[in-house]
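Novice: Build me a model from this:
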Amino acid sequence: MTMMEERARRAWWRALAENRMLRWVVGLGVMSLSVWLLSRELDWAQVRGALQQVEYAWVLLGVAAIVGTFFARSWRWQALLWQGKLALLPTMTALLVGEMVNMALPVMRSGDVARAVWIGPQRGTDASEALGSVALEKVWDLLALLLCGVLLLVLTSPPDWVMRSTWGAAGMLAVGGAALWVGLRWKSVWFRWAGRILERFPAGWDRALLPKLHSLAQGLTSIQNPQASARVLGWTLLKWGLGAVANWAVMVAFGITSFPAAILLLAGLMVGGAIVPTPGRLGVFEAICVMCLALFDVPYDTALAVGLVLHLVVMGPPLVVGAGLALWSQSVYRRADGSV
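Specialist: You can find the predicted model right below:
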């Protein structure tokens, strides 16, 4: 590596670190502001009273629904990587490890990179193809978010911001889908141009980057396979449906039975958690619960109690199951290495 290449590499990592630090500081600031606003406006005696009256059988149903999403997400990722033969447990372990990383370091989607790197050895490849499948996964989630918006438009009279968000999601999906189709349709042309461009860079860049780009594109090819796409659609709907059931079950535990409210809460938490990343989504998660449930005339105190319990239901199982699977997989690898 030449001196110029080394300086460019260090400058790139320095810029990335500064960007991550900025997002981390902003996230912490938003978390602190959310906690302050919530604590200022609420009657904590009413919150405690609501928590004491919870029917925890419904909370357990919510936990079961969240655990069910682990399987739906794992089966979906297997379908996205349809040309590989991923086993269920390694797939689920990588997903949950990625989720744990996102909770601890919610910047630059660190968990997506972590799970792609984790699953690489299971498939005997690098992480590039897995990253491509993760990117495609976001497109399917955007479609599910659009469907949530349509359901809310049919079932309720949502506020204007929900309608704008729905049409915005439709526009993003149309543009992203068209770009994806064009990119895959003329993939060979794009790679030929990329090769010519990389030839102008310092020696070795084309040999280093082109294979990675090919692997990344390979992770997107499930969209061209009708059977794989049908499976991905089914698992996506199941994943989002179970998420809505988890929200609804926790709400029923507090005497709130509105399923449209559970759908709005699902969409709000998905969008809000992505836009404003905070460690463990602390503060932001509860603030979104309060704002969404207020649209259905749920008192702030009860809505916060729902948010606190739902936060544990959503965050607890991935941490416990993910940590257990990660430790188990590492012990299996150590035993396998020791037997060679």
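
Novice: Please tell me how far the residue lying closest to residue 317 once chain neighbours are set aside sits from residue 316.
Specialist: For residue 317, ignoring the flanking residues on the chain, the nearest one in space by C-beta to C-beta, 6 or more residues apart in numbering is residue 66 at 5.0 Å. For glycine as for every other residue, the C-beta is placed from the backbone atoms N, C-alpha and C. To residue 316, residue 66 is 8 Å away according to C-beta to C-beta, to the nearest Å.

Novice: At which residues are the helices of the stretch 101-250 of the chain located?
Specialist: Assigned by DSSP state H, counting those that start in this stretch, the stretch 101-250 of the chain shows helices spanning 110-123, 128-155, 160-185, 187-198, 205-218, 226-253.

Novice: Next, count neighbours for residue 284.
Specialist: By the criterion of other C-beta atoms under 10 Å, residue 284 has 23 neighbours.

Novice: just residue 281 next, same as before
Specialist: 24.

Novice: Hmm, it is touching residue 312, no?
Specialist: No. Assessed by C-beta atoms under 8 Å, residue 281 is found out of contact with residue 312, at 11.9 Å.

Novice: So residue 326 sits against residue 93, correct?
Specialist: Yes. Between residue 326 and residue 93 there is a contact at 6.0 Å, judged by C-beta under 8 Å.

Novice: more crowded one of those two?
Specialist: Shown here are residue 326 and residue 93; by other C-beta under 10 Å, residue 93 has more neighbours (25 against 16).

Novice: List the buried residues in the helix or strand containing that one.
Specialist: Counting by DSSP states H and E, the element that carries residue 93 is helix 88-104. Within helix 88-104, the residues that count as buried by 16 or more other C-beta atoms under 10 Å are 90-103.

Novice: report the angle between the axes of it and helix 110-123?
Specialist: With axes from the mean of the first three to the mean of the last three C-alpha atoms, to 10 degrees defining the directions, helix 88-104 sits at 160 degrees from helix 110-123.

Novice: tell me the angle helix 88-104 makes with helix 128-155.
Specialist: Using the same axes, to 10 degrees: helix 88-104 against helix 128-155 is 70 degrees.

Novice: For helix 88-104, name the packing helices and strands.
Specialist: If you count contacts as 3 or more C-beta pairs under 8 Å, 6 or more residues apart in numbering; DSSP states H and E, helix 88-104 packs onto helix 56-80, helix 110-123, helix 300-339.

Novice: among the ones you listed, which is nearest residue 260?
Specialist: helix 300-339 (15.0 Å; C-beta to C-beta).

Novice: Just give me how far the closest one sits from the chain centre.
Specialist: 15 Å (C-alpha atoms, centre = their mean, to the nearest Å).

Novice: separation between residue 254 and residue 90?
Specialist: 38 Å.

Novice: what residue ranges in the stretch 201-340 of the chain score low on pLDDT?
Specialist: 202-211, 214, 273-280, 332-340 (pLDDT under 70).

Novice: that older thread, what about the helices and strands packed on helix 88-104, which gets the closest to residue 213?
Specialist: helix 110-123 (14.8 Å).

Novice: From the contact counts, what lies against the closest one?
Specialist: Helices and strands touching helix 110-123, as assessed by 3+ C-beta pairs under 8 Å, 6+ apart, comprise helix 88-104, helix 128-155.

Novice: Give me the mean pLDDT for it.
Specialist: Confidence over helix 110-123 (mean pLDDT, whole number) is 75.

Novice: re earlier: so which of the helices of the stretch 101-250 of the chain comes closest to residue 54?
Specialist: helix 226-253 (4.9 Å).

Novice: what angle sits between that closest one and helix 56-80?
Specialist: Using the same axes, to 10 degrees: helix 226-253 against helix 56-80 is 170 degrees.

Novice: buried residues in helix 226-253?
Specialist: 228-229, 231-232, 235-253.

Novice: Work out the gap between whichever helix or strand comes after that helix and the centre of the chain.
Specialist: Per DSSP H and E, helix 226-253 leads on to helix 259-275 as the next helix or strand towards the C-terminus. Relative to the chain's own centre, helix 259-275 is displaced by 13 Å; criterion: C-alpha atoms, centre = their mean.
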